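In: sequence first, then the predicted structure, then my questions.
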Number of protein chains: 2
Amino acid sequence: MATTRGRPRSFDRDAALDKAVQLFWRRGYEGTSVRDLAEDLHIGMPSLYNAFGGKQQLFVEALDAYDKKYGGFLDRALAEEPTAEKAVARVFREAPERYTRRSLPTGCLVVSGDNGTDDPTVTRELRRMRAEKADAFAAKIRGDVATGILPSDTDAVALARYVMAVLSGIAQAARDGVSREELRRTAEVATRAWP
Amino acid sequence: MATTRGRPRSFDRDAALDKAVQLFWRRGYEGTSVRDLAEDLHIGMPSLYNAFGGKQQLFVEALDAYDKKYGGFLDRALAEEPTAEKAVARVFREAPERYTRRSLPTGCLVVSGDNGTDDPTVTRELRRMRAEKADAFAAKIRGDVATGILPSDTDAVALARYVMAVLSGIAQAARDGVSREELRRTAEVATRAWP
DNA sequence: TCAATTCGCTAGCGGTCGCTACAGAAATAG
DNA sequence: CTATTTCTGTAGCGACCGCTAGCGAATTGA
């Protein structure tokens, strides 16, 4: 009863999900067709629907897997660095490399995944994720304001939005083919805005 | 002979082009169908093809019209302001308002028009336009370095890319529904990175 | 007046989209 | 063994995509 009934799945669900992540990352939600996914995952389309439910649900699941596996460097910096300044400096230092990994798509799925679609679920999910990241930065900044590390007149929301804007701008530039080295120097300029 | 032969066009080509600009602006290249365009322009699809050639050509033409009518504030700032610093400060000051105009799409067509498509012509055209803007900023910055207004060790390319990254980040945030006032404060933070 | 030219509309082409009905294959339960 | 459950592959559904053939309508040149 506790064992699996029926014919067993003939592919590795997690490996397939990871491939889906990369395809969505490379081509966005709208630019990726279910046929492309099935072919890339080496499974038939009914198997895909059976395992993941549908394109939307697969995307949402892929988004979660992306955040855990590839997008976690933001949360890690926020968790591991003692101050907002150090966390942001680290994020700005790491982003150019993260967004130009060889044999991985350039840019960031969370930044550009919903571009070109009007699917409300996809848009909502990605906006929610971007807002979460911005809020996490804002919280870290407010913490430093409260402990006097940052001046009391610091605009935490604006500063957090600035960090997000720079990150998405760098991710966008990476998609345009700007070199990692140029992105590094761009991010270096961006750190100078810190109060 | 110099007059037009045959049945005259029954719609205003320029007005139709402007509507196309707004539709592409709002929904991007891939998200806008020729049927949507024809309906919004109040013409039949064959008329659209007759007047503009096709979706690609219409987009390229719309892009040019957009740059002239809505995107010109970058070139204007670069032309009218005496220094790169003042030009960038003005652009950062104006961008939040430009990207959140009432009864106009939010964000920037040049930033997000090609998102979600892999059409090589569209991608190439928009990348070219973005590169042009970045080069214009870099040239202005190099001029100020040559005349001693900016320090001689200024990284003109990185600084120009930074300006573009901030602008595209703000445009992206505008599309996410961030308020004009928050964008203003975000841009204010960005100006502090100036050397 | 009448051919020449250009535009507008109806209708539809071939292709791709997300998705699924259906039947056979492969496992477990009894 | 048979019955049940679950997965896989073929094959195709209806909708939409960009685009256009074909024909009548509207205008100009002679």
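Out: Received the coordinates, thanks. Numbers count the residues shown, from 1 in each chain, chains lettered A, B, ... in the order given.

In: identify the residues contacting residue A:149.
Out: Each residue near residue A:149 by CB atoms under 8 Å, 6 or more residues apart in numbering or on different chains is listed here: A:83, A:84, A:85. Just so you know, the C-beta spots here come from the backbone N, C-alpha and C atoms, and that holds for glycine as well.

In: quick check: longest helix in chain A by residues?
Out: Using DSSP state H to define each element, chain A has its longest helix at helix A:120-146.

In: how about it: buried residues?
Out: A:122-123, A:125-126, A:129-130, A:133-134, A:136-138, A:140-142, A:144-145 (16 or more other CB atoms under 10 Å in any protein chain shown).

In: follow-up on the earlier one: what subset of the contacts of residue A:149 is buried?
Out: By 16+ other CB under 10 Å, those give A:84, A:85 as buried.

In: of the contacts of residue A:149, which is the nearest to DNA strand D?
Out: residue A:84 (44.7 Å; CB to the nearest atom of the strand).

In: read off the pLDDT value for the closest one.
Out: For residue A:84, the pLDDT comes out at 98.

In: do residue A:118 as well
Out: For residue A:118, pLDDT reads 89.

In: inside helices: which ones of the contacts of residue A:149?
Out: Per DSSP H, those map to helices at A:84, A:85.

In: out of the buried residues of helix A:120-146, which comes closest to DNA strand C?
Out: residue A:122 (11.4 Å).

In: need the contact list for the closest one.
Out: Applying CB under 8 Å, 6+ apart, we find residue A:122 in contact with A:29, A:56, A:59, A:60, A:113, A:114.

In: so residue A:85 touches residue A:145, yeah?
Out: No - here residue A:85 lies out of contact with residue A:145, judged by CB atoms under 8 Å, at a distance of 11.6 Å.

In: distance to DNA strand D for the contacts of residue A:149 - can I get that in TSV?
Out: Below are the contacts of residue A:149 laid out as TSV (distance: CB to the nearest atom of the strand, whole Å):
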residue	distance to DNA strand D
A:83	48
A:84	45
A:85	47
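
In: out of the contacts of residue A:149, which is nearest to residue B:9?
Out: Comparing the contacts of residue A:149 against residue B:9 with CB to CB places residue A:84 closest, at 59.3 Å.

In: need the residue closest to the centroid of chain A.
Out: residue A:110 (3.8 Å; CA atoms, centre = their mean).

In: next one: phi and psi at the residue of chain A found nearest chain B?
Out: Of all residues in chain A, the one sitting closest to chain B is residue A:116 (1.8 Å; CB to the nearest CB). Backbone torsions for residue A:116, taken as degrees, to the nearest 10, come to phi 90, psi 10.

In: show me what contacts the closest residue to it other than its chain neighbours?
Out: Nearest residue to residue A:116, sequence neighbours excluded (CB to CB, 6 or more residues apart in numbering or on different chains): residue B:116, at 1.8 Å. When contacts are counted by CB under 8 Å, 6+ apart, residue B:116 touches A:28, A:29, A:30, A:31, A:115, A:116, A:117, B:28, B:29, B:30, B:31.
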